[in-house]
Structure formats: C-alpha cells, structure tokens
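**Q** Sharing a model prediction with you, sequence too.
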Amino acid sequence: MRNGKQTKQRGFILLGMLCLLVIAGYILSEASAKWSDMVKREREQELLKVGDTIRKAIGAYYNATPGVVKQYPPDLDALLYDDRFPTPKRYLRQLYVDPVTQREGWGTVMAPSGGVMGINSLSPEKPFKQKNFRPIYKEFEDKNYYAEWYFIYIEDYRS
C-alpha cells in the first residue's frame, strides 16, 4: 500500500513541477518581450539624438562656408575634418553608427546644388513613436519605417 501511495504523490509532484515550468516560461517570455521593447525604444531615442547631432553638424559646416555662396559637405567625412580653412575645423568627433541597425552607414539626402544636406537610417523596422514629435520633426509622425525619418538641414531664411 505504501508503494502505491508514493507513486500517486510522485505523479502530483511531477504535475506540479510541469505547471511551474509552464508558468515560469510564460513569465520569462513576457519579460523578454518587455525588455526587447525597452531596448528598441532606447535605440529610437538614440537615433533622434544622433540624427539631430549630425543635422546640426551639417548646418554648422554650411554656415561656416567662406564667401557668399554656401555649400553643404561633399560627404559625411567632411564633418570630421574641414580643410577649407587655414586651421581645419571639426564639426563631429566621429561618425556615429546607426543606433537602430547597430551598423555603420547612413542614407544620405543630397542637396540640389550638391553635397549632403541630410541623413536617414537604413532600418526597415516600424518605429514605436508615432506622435508628439518636436516641431522640427513633425513630419516623422505616422511614418512606417525608420528609413523615412530624414534629418535634414535647411537654412532658415527668416533671419
């Protein structure tokens, strides 16, 4: 009799352990999804920060152009070392990697007169943020891909 009772108890313990494993698996999968979303949101915020930094560097290069006719940088490397002056200028310390793709390389927006007037991510992922952008980036609202977020410097003619 005693052996029969122990076998039934072992069956209940095994069933309890199986239920515990299922619950633990579910909790871990939910935590993993939340963590993944948090990382994606952080990368999105970093993209906004890095894109704005590069946009401002393009603007600084453009506005520092000697003479009357302003020029955009011929490529992004020109932001690292501008040798148009007797003492070269640096608008960026480094070319940043794309925070979303985690790779080097950006899409470039070419100015009609030549040169790079802006950048964009090459990521085909859908952004989390869809609303409430700063006024300069209102056109980012309701975009389907990060690749549609263009960080462009356009001279303000209101001055």
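**A** Cool, the structure landed. Bear in mind that the values here come from a model prediction, so they are computed numbers and not experimental data. Numbers count the residues shown, from 1 in each chain.
**Q** which residue sits closest to the spatially most central residue of the chain, ignoring its sequence neighbours?
**A** Using C-alpha atoms, centre = their mean, the residue of the chain that lies closest to the mean C-alpha position is Leu47, 3.1 Å off. Nearest residue to Leu47, sequence neighbours excluded (C-beta to C-beta, 6 or more residues apart in numbering): Pro99, at 4.8 Å. Backbone N, C-alpha and C define where each C-beta goes, glycine included.
**Q** Enumerate every residue touching the one you found.
**A** Arg43, Glu44, Glu46, Leu47, Val50 (C-beta atoms under 8 Å, 6 or more residues apart in numbering).
**Q** can we see that at 7 Å?
**A** Neighbouring residues of Pro99 by C-beta atoms under 7 Å, 6 or more residues apart in numbering: Arg43, Glu46, Leu47, Val50.
**Q** Equivalent analysis for Tyr81, please.
**A** Contacts for Tyr81 (C-beta under 7 Å, 6+ apart) come out as Pro88, Arg90.
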